[in-house]
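Undergrad: fold the following.
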Amino acid sequence: MLVDVLAPGYFEKGHIEGAINVPLADLETRADELKKDVPIVVYCYNYICGASTQAAERLAKLGFKDVSDYKGGFHEWKEAGLPVAGSAAGPAAPAGVPGTEGAASGGCCPSKAKPGCASESFDPPAPQP
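TA: This next block holds a predicted model:
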């Protein structure tokens with residue numbers, strides 16, 4: 001299952017084909033829409049965006065066992081020429097997208113991500129016996 005964790009407006013403008021939209025701000029309240037028995041890949045816009053890492057961590061805490069964080073996000077996917085969908089799935093980021101502005105809404109990525117935060121892998125905690 002492929003999950004875009006950006007705000008709905010960004011999802012509508014462009015997302016990876018086949019993805020569903022569960023914004024980071026709504027993740028806990030909408031987690032029941034996701035299946036715990038299938039692999040889940042979360043993503044946001046790009047490496048600068050930290051929303052997908054936060055989403056992966058939250059899902060792991062909610063009991064999801066197989067969660068991956070696609071750090072390259074929509075931008076990397078699109079640049080690779082892979083299938084995208086949306087009304088304006090062009091190469092440029094919509095105004096206010098990750099690494100620029102929009103963090104106040106809680107639906108976008110932080111505008112000032114910590115250096116290196118997006119380049120680290122997310123490893124869900126090991127199951128407790």
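
Undergrad: which helices and strands does the helix or strand where G9 lies pack with?
TA: In this structure, G9 sits in helix 8-13 according to DSSP states H and E. Counting contacts by 3 or more CB pairs under 8 Å, 6 or more residues apart in numbering; DSSP states H and E, helix 8-13 is packed against no other helix or strand. C-beta coordinates here come from the backbone N, C-alpha and C atoms, glycine included.

Undergrad: switch to 10 Å and redo it
TA: The contact analysis (3 or more CB pairs under 10 Å, 6 or more residues apart in numbering; DSSP states H and E) places helix 8-13 against strand 20-21, helix 73-79.

Undergrad: average pLDDT across stretch 16-33?
TA: The pLDDT scores in stretch 16-33 average 96.

Undergrad: now do it: distance from first to last residue.
TA: 19 Å (CA to CA, to the nearest Å).

Undergrad: next: stretch 6-16.
TA: 12 Å.

Undergrad: that older thread, quick check: which of the helices and strands packed on helix 8-13 is buried the most?
TA: Mean neighbour count (mean count of other CB atoms under 10 Å) peaks for helix 73-79 among the helices and strands packed on helix 8-13, with a mean of 21.

Undergrad: where along this structure do the strands fall?
TA: Ranges of strands in the chain, per DSSP state E, are 2-4, 15-16, 20-21, 40-43, 67-70, 84-85.

Undergrad: what sits against I40?
TA: Going by CB atoms under 10 Å, 6 or more residues apart in numbering, I40 touches 1-3, 22, 34, 55-56, 59, 64-69.

Undergrad: what about 8 Å?
TA: By CB atoms under 8 Å, 6 or more residues apart in numbering, the contact set of I40 is 1-3, 34, 59, 64, 66-68.

Undergrad: cool, and D4?
TA: So D4 contacts 10-11, 15-16, 19-22, 43-44, 74 (CB under 8 Å, 6+ apart).

Undergrad: on that earlier part again, want to throw the strands of the chain into CSV with distance to L27?
TA: Output for those, formatted as CSV (distance: least, CB to CB, whole Å):
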stretch, distance to L27
strand 2-4, 9
strand 15-16, 16
strand 20-21, 11
strand 40-43, 9
strand 67-70, 11
strand 84-85, 21
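
Undergrad: good, we can wrap up now.
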